[in-house]
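Enquirer: below: sequence and its predicted model.
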Amino acid sequence: DTGSAAAIPINEVDIAYVTPVTVGTPPQTLMLDLDTGSSDLWVFSSLTPSSQVRGQDIYTPANSSTSKLLNGHTWSIRYGDGSGSRGTVYLDTLAVGGLEVKSQAVQTAQEVSSSFTQEQSLDGLMGLGFSTLNTVRPSSQLTFFDNARPSLDEEVFTADLKYHATGSYDFGFVDRAKYTGNISYTAVTESPGYWTHSLSGYAVGSGAFQTTRLSGISDTGTTLLYLPTAVVTAYYRQVQGAQNSQYYGGYVFPCSSSLPTFTFGIEEARFTIPASYINYTRISPTSTTCYGGLQSSSGLGINIFGDVALKAAFVVFSGTNPPRIGFAHK
Ligand SMILES: CC[C@H](C)[C@H](NC(=O)C[C@H](O)[C@H](CC1CCCCC1)NC(=O)CCNC(=O)[C@H](Cc1ccccc1)NC(=O)N1CCC(N)CC1)C(=O)NCc1cnc(C)nc1N
């Protein structure tokens, strides 16, 4: 089996991408953020207090003839940006782009933090990290990818995220039409459940490529690219008027500044992020100050290759044994 579904930016600066997912019988469609940086599939639901729901689609297990309560199981998750949610669990039929899993753990939110309530285009998350990160207790549950594996033509899923445009997620096959040249693969360590791998180095603009292994996680659920301070200062040194603002919590610069490109290495291959991806957003609609799509990872304890980097490539998440991740030009 295979599946293919759209990855739709939820706002004009690609803060996140959502994908239509159907749950239950008859199918209820929800727009979920497919997130390789976590491993819980949770949804706004009929169990979410109405005061915490603002325009989101909800999953109503009572309206599904195939829903089954997973008795006595609960979950609670906290994300890197401090947001979080918690609730109970149902098993139900779930499909993404024509690929169906009969008995997927669907975590129904009984509480969501305010940033989720405010994000009306996001009906929940589908974690695509390793299942070891799943927070359901007393027994942890499998991700959609782990449940789908036995029926997949190939044990892979791919992400083709696009700048200010709709991309796609494919399951079970690598679409030759979506990339050019060869796929450059590199080893993944599953610790502690993220898609953790190294970059072979970086270059700022037309500068020399710095060969240095940078370990981090490829995370479709993180908006920006977070790298060590040394790398980030080398980048913004090339930007007129750039400064690391305590007030805005990161590097900002005059929107009129011209930005260099940023190149990262995957083994011998090189991927260049256009300057436009790094001119992330105005700090407020009328401001002439802009916030960078490349920021320091020093406060995170881990480098995060988020959407700003991932949308510069066609990315293959390979669940083979051992797992590996591949990047290709597109
Ligand atoms: C089982 C937990 C699970 C593995 C968890 N995983 C993650 O946090 C990574 C995961 O990919 C999550 C998935 C997000 C969560 C929010 C909703 C959208 C998806 N990524 C992050 O938290 C990265 C930081 N956040 C972001 O990158 C969010 C994503 C977002 C998108 C749309 C709407 C709202 C938020 N972006 C922003 O807030 N932006 C606004 C500001 C702008 N400058 C950049 C964009 C974890 O590591 N948690 C440990 C953890 C807990 N507590 C903290 C404080 N830090 C932690 N790392």
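Expert: Cool, the structure landed.
Enquirer: spell out which helix or strand contains Phe31, please.
Expert: In this structure residue 31 is Met, not Phe. For Met31, the element it lies in under DSSP states H and E is strand 28-35.
Enquirer: close to the ligand, is that strand?
Expert: Yes: judged by Cβ under 6 Å from any ligand atom, strand 28-35 and the ligand are in contact via 33, 35. Where you see a C-beta, it was placed from the backbone N, CA and C, and this is true even at glycine.
Enquirer: just the terminal-to-terminal distance for stretch 301-312.
Expert: End-to-end distance for stretch 301-312, by Cα to Cα, to the nearest Å: 24 Å.
Enquirer: what do you get for stretch 141-156?
Expert: From start residue to end residue, stretch 141-156 stretches across 19 Å - Cα to Cα.
Enquirer: can you check the pLDDT for the closest residue to Val204 other than its chain neighbours?
Expert: Spatially, and ignoring its direct neighbours in sequence, Val204 is nearest to Tyr235 (5.0 Å; Cβ to Cβ, 6 or more residues apart in numbering). Tyr235 carries a pLDDT value of 98.
Enquirer: might one say that Tyr235 is in contact with Leu294?
Expert: Yes: here Tyr235 reaches Leu294: they are 5.8 Å apart, a contact under Cβ atoms under 8 Å.
Enquirer: which neighbours do those two share?
Expert: Shared contacts of Tyr235 and Leu294 (Cβ atoms under 8 Å, 6 or more residues apart in numbering): Phe262.
Enquirer: quick revisit: sec struct for the residue nearest to Val204, please.
Expert: Following DSSP: H, G, I helix; E, B strand; the rest coil, Tyr235 is assigned to helix.
Enquirer: check whether stretch 215-227 contacts the ligand.
Expert: Yes: using Cβ under 6 Å from any ligand atom, we find that stretch 215-227 touches the ligand at 219, 221-224.
Enquirer: list just the nearest of these to Gly127.
Expert: Within the residues of stretch 215-227 next to the ligand, proximity to Gly127 (Cβ to Cβ) peaks at Gly221, which comes in at 8.2 Å.
Enquirer: Provide a list of residues in contact with that closest one.
Expert: Contacts of Gly221 (Cβ under 8 Å, 6+ apart): 16, 33-38, 79, 125, 306.
Enquirer: appreciated, that's everything.
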